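**Q** model this:
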Amino acid sequence: MTAGRALPPLLALAAGAATVFAFEPFHLGILPFATLAVLFWQWQYAPTARSAAWLGFAFGVGVFGAGVSWLYVAIRTFGGMPAPLAALAIGCLVVYLALWPAAAGWVAVRAGAQGSFTRVVAAAGAFTLAEWLRGTVFTGFPWLTTGYAQVPDGALAGFAPVGGVYLVSLAVALVAALIAETFGAIERAAQRELALLARAAAALFVAGAALRTVAWTHPQGAPLAVSLVQGNVPEDDKFDPGLRKATFDRYLSLVATSRGRLVVLPESSFPMFSDEIPDDVLLSLIRTGIARDGDVLAGMFTALPPLSGQREPRVYNTVVALGASELQFYRKHHLVPFGEAIPFASVVQPLMDSVLAIPLAGQARGGASQPPLTVAGHRVAVGICYEDAFGGEMIASARRADLLVNVTNDAWYGHSIAARQHNQIAATRALESGRPMLRATNTGITSAIGVDGRVIAELPWFTTGVLEVSVRGYVGDTPYLRIGDILALALAALLIVGAGAARIRRGGRAPTR
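**A** Model (predicted):
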């Protein structure tokens, strides 16, 4: 075991790559306990902060190199970017994302003495804080946050309604830290220490299981019939003006055969501006909603006049409510960088346009605090595509709603693992908020998810159809809806500070490198 402490970053790289199998569609949620334990064990005996950072970087390259490779499909296959540039772009993203676990390793070594239990405890806190920062800085990229792997049936998923996905990540990281310390206890033949470590891990699992039994929210009102429409329009055809009529006919036919009081169409189901949609199409949807004393939520693009000093109109990715309720809009707030939102647009956008074909790039951002839509007798918190990856940003709307709806177009990612990963993220939002999540997607995964994070029903991938479900609205606040990510972040920071304080008390010095 002692010789193994000097193992090169290759072990961390392999552990990172293996971690991807913890998430959907593989869902081996037990894996992060082992892979993080390996990383933390290496950090525990790293001689310098720099060496720990390299180990964390190797782990990150493994996770993100294997876990977000589906982005290549979007920018190469559908975006038309030349293959070498697409590979370079994904490589740069992976390198950036890997800097966060690298920073966590550096912090862990600075906080805890080499070989000490306090170092692996600090590692758990630093790793969790790094995940939160990765999901926040530069608009954030929270994909593959460790806590998602526990949803819906993992032993620690019960922490999600209390402190969100990052509290679940922290619980997983603490178990991994206990396992890493166990390696040393076995080497020392410290039976009492082994027993204490086992009890601490068991306490976390028992707490997670106990929290799953708590009904944080409760149903209200009668069941609602909902139709979730999956158009399955090929991405290559979606924005072709010559195929617009076929798109209109497909969706109108699916809506006509649906039975729901609330009908939900996917993101940009009508991939054009609202004033370009024929009146008879919009009137058909309105009449359907009115006839059922309900509403149709349709995805399209809307435009507003330019702000003072601007020349171009503001373009919004929008969900419009059509039917018995008043006309309402939800405009996407959290935009995808270098796709929907272009940083330093005057310089970057011409370059992007020369190598990447993304329709309607450079969109405007909807308001940060938009109210739920009042449709079909319910208050519905709407998110568009990528937005459901940001649990903290959904809190204000979710608290005022009794249902969650996400519309998306995961056709951009082809037959990759992205759609299943995205559905797991959406399930976490349901579990955190105690609200059912209804997902209407172009090619899948169209699904209805219960307040426990488990899928109630879903449509087969890459098929055309309507998912008919009956759901009830849920009200009440989970602890997460009241306090957000603060609990997870405070506990993670406390572990780091506590480890540093213990090191100082014992007269230990932090590594100089």
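
**Q** list the buried ones in stretch 182-189?
**A** For stretch 182-189, the neighbour count (16 or more other CB atoms under 10 Å) marks T182, F183, G184, A185 as buried. To be clear about C-beta, it is placed using only N, CA and C from the backbone, and glycine gets the same treatment.

**Q** export it as CSV, just CAs?
**A** Only the C-alpha atoms of stretch 182-189 are listed here, as CSV (Å, rounded to 0.1, in the frame of the first residue of the first chain):
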residue,chain,number,x,y,z
THR,A,182,-9.9,2.9,5.5
PHE,A,183,-7.0,2.0,3.2
GLY,A,184,-4.5,3.4,5.7
ALA,A,185,-6.4,1.9,8.7
ILE,A,186,-6.1,-1.5,7.1
GLU,A,187,-2.4,-1.0,6.6
ARG,A,188,-2.0,0.0,10.2
ALA,A,189,-4.3,-2.9,11.4
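
**Q** contacting residues around that stretch?
**A** Applying CB atoms under 8 Å, 6 or more residues apart in numbering, the external contacts of stretch 182-189 come out as M1, T2, A37, W41, Q44, G115, E193, L194, L197, A198.

**Q** that older thread, wait, which of the buried residues of stretch 182-189 is closest to A58?
**A** For the buried residues of stretch 182-189, the closest approach to A58 (CB to CB) belongs to F183, at 19.1 Å.

**Q** may I see the buried residues of the helix or strand hosting the closest one?
**A** In this assignment (DSSP states H and E), F183 forms part of helix 160-188. Buried residues in helix 160-188, counting neighbours by 16+ other CB under 10 Å, are found at 160-185.

**Q** number of nearby residues for I483?
**A** By the criterion of other CB atoms under 10 Å, I483 has 16 neighbours.

**Q** over to D485?
**A** D485: 20 surrounding residues under other CB under 10 Å.

**Q** what of the one 10 residues further on?
**A** Using other CB under 10 Å, L495 has 27 neighbouring residues.

**Q** verify the stated contact: it with V121.
**A** Yes: under the criterion of CB atoms under 8 Å, L495 makes contact with V121 at 5.2 Å.

**Q** can you pull out the strands in the stretch 401-513 of the chain?
**A** For the stretch 401-513 of the chain, the strands defined by DSSP state E, counting those that start in this stretch cover 403-408, 437-441, 447-449, 455-458, 465-475.

**Q** identify the farthest-apart pair in the contacts of stretch 182-189.
**A** Spatially, the most separated pair among the contacts of stretch 182-189 is T2 and A198, at 22.9 Å (CB to CB).

**Q** neighbour count winner among the two?
**A** Higher neighbour count among T2 and A198: A198, with 13 against 8, using other CB under 10 Å.

**Q** tell me which helix or strand that one sits in.
**A** helix 191-212.

**Q** for that helix, the averaged confidence score.
**A** Taken as a whole, helix 191-212 has a mean pLDDT of 94.

**Q** okay, the angle between that helix and helix 160-188?
**A** On the basis of axes from the mean of the first three to the mean of the last three CA atoms, to 10 degrees, helix 191-212 is oriented at 170 degrees to helix 160-188.

**Q** how much space between the closest residue to G164 other than its chain neighbours and I179?
**A** Nearest non-adjacent residue to G164, counting by CB to CB, 6 or more residues apart in numbering: Y480, 4.8 Å away. Going from Y480 to I179 by CB to CB, to the nearest Å gives 27 Å.

**Q** from V469, how far off is the closest residue in space to D293 that isn't next to it in sequence?
**A** Excluding its sequence neighbours, the residue lying closest to D293 (CB to CB, 6+ apart) is A324, at 5.3 Å. As for A324, its distance to V469 is 20 Å (criterion: CB to CB).

**Q** likewise R119?
**A** In this view, R119 and V469 are 49 Å apart by CB to CB.

**Q** burial check on G309, number of neighbours?
**A** G309 has 5 nearby residues by other CB under 10 Å.

**Q** could you look up the SS state of it?
**A** coil (DSSP: H, G, I helix; E, B strand; the rest coil).

**Q** model confidence for the residue nearest the centre of the chain, exactly?
**A** The centre of the chain sits closest to A389, judged by CA atoms, centre = their mean, with a distance of 2.9 Å. pLDDT recorded at A389 is 96.

**Q** ok, it to T136 distance?
**A** Distance, A389 to T136, by CB to CB: 12 Å.

**Q** now do G242
**A** Here the criterion is CB to CB. By it, G242 lies 42 Å from T136.

**Q** compare the two (neighbour count), which wins?
**A** The neighbour comparison of G242 against T136 (other CB under 10 Å) goes to T136, with 14 against 7.

**Q** quick one: pLDDT of that one?
**A** In this prediction, T136 carries a pLDDT score of 97.

**Q** so where's the stretch 301-450 of the chain shaky on pLDDT?
**A** 342-361 (pLDDT under 70).

**Q** so which residues of it form helices?
**A** Per DSSP state H, counting those that start in this stretch, the stretch 301-450 of the chain carries helices over the ranges 345-355, 391-399, 418-433.

**Q** remind me what the last one packs against, helices and strands.
**A** With contacts defined as 3 or more CB pairs under 8 Å, 6 or more residues apart in numbering; DSSP states H and E, the packing partners of helix 418-433 are helix 160-188, helix 391-399, strand 403-408, strand 437-441, strand 447-449, strand 455-458, helix 479-483.

**Q** mind doing that once more with 10 Å?
**A** When contacts are defined as 3 or more CB pairs under 10 Å, 6 or more residues apart in numbering; DSSP states H and E, helix 418-433 sits against helix 160-188, strand 378-384, helix 391-399, strand 403-408, strand 437-441, strand 447-449, strand 455-458, helix 479-483.

**Q** kindly report the same for the second one.
**A** If you count contacts as 3+ CB pairs under 10 Å, 6+ apart, helix 391-399 packs onto helix 160-188, strand 378-384, strand 403-408, helix 418-433, helix 479-483.

**Q** okay, the ones you listed in CSV with distance to G56 next?
**A** Below are the helices and strands packed on helix 391-399 laid out as CSV (distance: least, CB to CB, whole Å):
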stretch, distance to G56
helix 160-188, 13
strand 378-384, 31
strand 403-408, 32
helix 418-433, 22
helix 479-483, 28
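
**Q** and A17, which of these is closest to it?
**A** When the helices and strands packed on helix 391-399 are compared by CB to CB, helix 418-433 sits nearest A17, at 15.4 Å.

**Q** and the closest one, which residues are buried?
**A** Buried positions in helix 418-433, judged by neighbour count with 16+ other CB under 10 Å: 418-433.

**Q** repeat for stretch 106-123
**A** 106-113, 116-123.

**Q** go on, stretch 46-59?
**A** Buried residues in stretch 46-59, counted by 16+ other CB under 10 Å: A46, A49, R50, S51, A52, A53, W54, L55, G56, F57, A58, F59.

**Q** could I get those residues as CSV with distance to F23?
**A** What follows is the buried residues of stretch 46-59, written out as CSV (distance: CB to CB, whole Å):
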residue, distance to F23
A46, 27
A49, 29
R50, 30
S51, 28
A52, 25
A53, 25
W54, 25
L55, 22
G56, 19
F57, 21
A58, 20
F59, 15
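
**Q** so which of those sit within helices?
**A** Assigned to helices by DSSP state H, the following of the buried residues of stretch 46-59 qualify: A49, R50, S51, A52, A53, W54, L55, G56, F57, A58, F59.

**Q** what touches both of A389 and T136?
**A** Common contacts of A389 and T136 (CB atoms under 10 Å, 6 or more residues apart in numbering): P142.

**Q** which of the buried residues of stretch 106-123 lies closest to P219?
**A** Using CB to CB, V121 is the member of the buried residues of stretch 106-123 that sits closest to P219, with 40.3 Å.
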